[in-house]
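Visitor: Provided below for reference: sequence and predicted model.
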Amino acid sequence: MTNTVRTPPHRLADRCAEWVAAPWFNITSFVVVVVNAVALGLETYRQLTAVAGPALRTVEYACLALFVVELLVRFGAHLRAPGGFFRDRWNVFDLVIVVAPLLPGVRENVTVLRLLRLSRIVRAFRLFPSLQVILVGIRRSLPGLGSFLLVTVLLLYGYAILGWMLFGVAYPDRYGTVGQAMLTLFLLLSLDGITDTLEAGREVTDWAVLYYVSYMVAACYLLTNLLVGLVLTALQEAHQEETAAARVARPAVDPEGPAEPSIREQLARLHQIVDELERQLPAREPDPPERARQVSGSRVPAGDR
């Protein structure tokens, strides 16, 4: 049996992998993200910036230094195969938002720097698996959202035409054109002020009740429930994929071998072994009278000896 020689890079990779897998590592990274977000929000107050501007910049540089250290630790966990670091999209994202402010042409642009600093808040998604499931679910729902938006636009356009025909003369500021009518109906999706709008429509025509009630049922209820169902389905699929991926990766991560079987599995194996042993037992021996008859019947006559 050969002993594997662990070189210093391998020992460093093992130590970095232990740190990355430790719960305190993700918690510390999340705290740094929160502190960076709070510092970014405090900079929007001019009076506070005038008083504590240097302190906020110090916090910003400290958070940036901790982000660099975290990135180096994550890269150190892939020292055996550095290509695996770049195959993780989150690592590439972290590398971009950390290195981009240091590039010439970017660090002079205040707007781009603020956007890059704001994008660091998105790093909170990579620190917790539950947040990653939500992000994956949102990404999976995007194709379905395209069809949903198309149905919504067609529905709003149809009701906007009807609204222009019914209320275009009486309320030109809200239904004077198709665009204004679509904007009015879009704002009514939240059902805010629907009572006043319905009363104002009834003063123009009695068809206003049918118009607004059918719009509420079709747009406010059916479309909203369709959107919720679409997102929930995508989140459920993302959760199932995450669970399946964790089950596949668990044997590779566990260095001690397969997990201990449950008590129920062990009892089932014991029953199986007992049944197998019972089948291998010899047949029941005959009783003494029956054995005597078998012995006497098997004697050979003297003439045949």
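Guide: Looks like it came in fine. Residues are numbered from 1 along each chain as shown.
Visitor: max-length helix in the protein?
Guide: helix 129-167 (DSSP state H).
Visitor: elements contacting that one?
Guide: Contact partners of helix 129-167 among helices and strands, from 3 or more C-beta pairs under 8 Å, 6 or more residues apart in numbering; DSSP states H and E: helix 124-127, helix 172-175, helix 178-187, helix 207-215, helix 224-253. For glycine as for every other residue, the C-beta is placed from the backbone atoms N, C-alpha and C.
Visitor: May I see the buried residues of the second one?
Guide: Buried residues in helix 172-175, counting neighbours by 16 or more other C-beta atoms under 10 Å, are found at 174, 175.
Visitor: Can I get it as CSV, trimmed to CA atoms?
Guide: Extracted in CSV, the C-alpha atoms of helix 172-175 (Å, rounded to 0.1, in the frame of the first residue of the first chain):
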residue,chain,number,x,y,z
PRO,A,172,-59.4,62.1,-22.8
ASP,A,173,-56.6,62.3,-20.2
ARG,A,174,-57.0,58.6,-19.4
TYR,A,175,-58.6,57.0,-22.5
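Visitor: Show the average pLDDT along that helix.
Guide: Helix 172-175 shows a mean pLDDT of 88.
Visitor: which ones are touching residue 60?
Guide: Contact partners of residue 60, counting by C-beta atoms under 8 Å, 6 or more residues apart in numbering, are 36, 39, 117.
Visitor: Inside helices: which ones of those?
Guide: If you go by DSSP H, the contacts of residue 60 have 36, 39, 117 in helices.
Visitor: Most neighbours among those residues, which one?
Guide: residue 36 (22 neighbours; other C-beta atoms under 10 Å).
Visitor: So what's the residue count around the closest residue to that residue other than its chain neighbours?
Guide: In space, residue 36 comes closest to residue 63 once its chain neighbours are excluded; the distance is 4.1 Å by C-beta to C-beta, 6 or more residues apart in numbering. Residue 63 has 20 neighbouring residues, counting by other C-beta under 10 Å.
Visitor: helix or strand for residue 63, which one?
Guide: Taking DSSP states H and E as the definition, residue 63 sits inside helix 46-76.
Visitor: And the pLDDT at residue 283?
Guide: Looking at residue 283, the pLDDT reads 55.
Visitor: repeat for residue 251
Guide: 45.
Visitor: what do you get for residue 161?
Guide: Per the predicted model, pLDDT is 92 at residue 161.
Visitor: Next, count neighbours for residue 21.
Guide: That count, for residue 21 with other C-beta under 10 Å as the rule, works out to 11.
Visitor: quick one, phi/psi of it?
Guide: Residue 21 adopts backbone torsions of phi -80, psi -10, taken as degrees, to the nearest 10.
Visitor: about what we covered before: pull out the buried residues from the helix holding residue 63.
Guide: Per 16+ other C-beta under 10 Å, helix 46-76 contains these buried residues: 52, 56, 59-60, 63-64, 66-67, 70-71, 73-76.
Visitor: any chance of these in a markdown table, plus pLDDT and distance to residue 150?
Guide: Output for the buried residues of helix 46-76, formatted as a markdown table (pLDDT from 0 to 100; distance: C-beta to C-beta, whole Å):
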| residue | pLDDT | distance to residue 150 |
| --- | --- | --- |
| 52 | 84 | 49 |
| 56 | 86 | 45 |
| 59 | 88 | 46 |
| 60 | 83 | 43 |
| 63 | 86 | 42 |
| 64 | 84 | 43 |
| 66 | 88 | 45 |
| 67 | 86 | 41 |
| 70 | 87 | 42 |
| 71 | 88 | 41 |
| 73 | 89 | 46 |
| 74 | 88 | 41 |
| 75 | 87 | 44 |
| 76 | 87 | 48 |
